[in-house]
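Enquirer: need a structure here:
(one chain, ligands or ions: 2)
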Amino acid sequence: MAAKMWIVKIGGNIIDHSEGLSRFLEHFANLRGNKILVHGGGKIATRTAADLGIEAVLVEGRRITDEAMLRVVTMVYAGLTNKQLVAGLQARGCNAIGLSGADGNTIKAERRPVKEIDYGFVGDLWPGSVDADAIATLVAGGFTPVFSAITHDGRGQLLNTNADTIASALAVALSAKYDTSLVYCFEKRGVLRNIQDDNSVIPEIRAAEFEQLKMSGVIADGMVPKLHNAFQAIARGVSEVCIGHADELCLLRQQQFGTRMIR
Ligand SMILES: Nc1ncnc2c1ncn2[C@@H]1O[C@H](COP(=O)(O)OP(=O)(O)O)[C@@H](O)[C@H]1O
Ligand SMILES: CC(=O)N[C@@H](CCC(=O)OP(=O)(O)O)C(=O)O
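Expert: Ligands and ions are numbered 1, 2, ... in the order given. I've put the predicted structure just below:
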């Protein structure tokens, strides 16, 4: 039987709160089996850009990334945030190694083609984007990779890539080698039937129900692309995808964590 691999993604709201982040890092460090952490940090990038007099523009949840914004997101995601997470995990006995997609050529992207909107230096992934062999070598060496939302095109250009998409692509690629679970951690207890009610967690969502929940407005905003990535992963062979609160990561093993996606 293939060895277990957990791909865990944390969103910007968790990274932004030091106490919640400490609790999450503790849970993640204690998670048994092979594991990879993927992080965003969108809120911090927006704040840092504002401090530098650069306005953030997001279209359908994707950041328009001109040269100045690329410098900011590279500094924030691949720099400060990544290194703080790595240091936090090292302090908890987890041998983390921080990576962008350029490091070890682990994740290659293509600049998003200009249609109605020019997103600038935003990278899209394709099925061959992830070098699963390179990542497996690090994992076999005892390292826990921590991926930021920065990739490259292989021709010297760094690109900003949505962290949920990176997590999904990693899970799909690593499914060929491991029994892979993809876990999205955020600040709510799962996909909620009523966004005002933290106890209205929907335990399971089937692919067929996703459209219906979107149409009725139960699922909105950032949850739409997140679930799209989740179902794409399931459709492409990932064993398990779930979404829940960063504080409840310890419930994963008991299968009591948040919302589970079903094919
Ligand atoms: N039904 C829902 N259940 C939970 N969250 C939802 C739902 N519909 C919309 N959302 C919103 O989706 C957000 C998560 O998406 P996003 O902000 O992109 O997450 P992250 O930055 O953590 O990856 C939540 O903060 C919440 O406001
Ligand atoms: C292209 C694009 O939009 N990239 C994202 C990458 C960070 C991210 O995904 O962060 P969260 O998980 O905190 O949202 C951005 O710059 O916001």
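
Enquirer: what's the distance between the residue in the chain that ligand 2 sits nearest to and Ala233?
Expert: Proximity of the chain to ligand 2 (Cβ to the nearest ligand atom) peaks at Gly40, 2.0 Å away. No exception for glycine: its C-beta is placed from N, CA and C like everyone else's. Note on Gly40: its distance to Ala233, by Cβ to Cβ, to the nearest Å, is 17 Å.

Enquirer: where do the helices sit along the chain?
Expert: For the chain, the helices defined by DSSP state H occupy 12-15, 18-30, 42-51, 67-73, 82-90, 132-140, 163-174, 207-215, 223-235.

Enquirer: Quick one: closest of these to Glu110.
Expert: helix 163-174 (12.6 Å; Cβ to Cβ).

Enquirer: which parts of the stretch 101-250 of the chain sit against ligand 1?
Expert: Counting by Cβ under 6 Å from any ligand atom, the residues of the stretch 101-250 of the chain close to ligand 1 are 164, 186, 188, 191-192, 195, 218-223, 226.

Enquirer: Measure how buried the closest residue to the residue of the chain closest to ligand 2 other than its chain neighbours is and give me the count.
Expert: Nearest residue to Gly40, sequence neighbours excluded (Cβ to Cβ, 6 or more residues apart in numbering): Ala163, at 3.7 Å. Ala163 has 24 neighbours, counted by other Cβ atoms under 10 Å.

Enquirer: What separation is there between Asp153 and ligand 1?
Expert: Asp153 sits 24 Å away from ligand 1, taking Cβ to the nearest ligand atom, to the nearest Å as the criterion.

Enquirer: wait, I meant Lys177
Expert: 26 Å.

Enquirer: got it, and Ala91?
Expert: 23 Å.

Enquirer: Val122 bridge partners, please.
Expert: In this entry, Val122 is beta-bridged to Asn160, by DSSP bridges.

Enquirer: Glu240 too?
Expert: Applying DSSP bridges to Glu240 gives these bridge partners: Ser181.

Enquirer: Same check on Arg111?
Expert: Taking DSSP bridges as the rule, Arg111 bridges to Gly123.

Enquirer: I'd like to know how many residues surround the spatially closest residue to Leu70 that is not a sequence neighbour.
Expert: The shortest distance from Leu70 to any non-neighbouring residue, by Cβ to Cβ, 6+ apart, is to Phe121 (4.5 Å). By the criterion of other Cβ under 10 Å, Phe121 has 24 neighbours.

Enquirer: Get me the contact residues on the stretch 101-250 of the chain for ligand 2.
Expert: So far as Cβ under 6 Å from any ligand atom goes, the stretch 101-250 of the chain lies against ligand 2 at Val122, Ala149, Asn160, Thr161, Asn162, Ala163.
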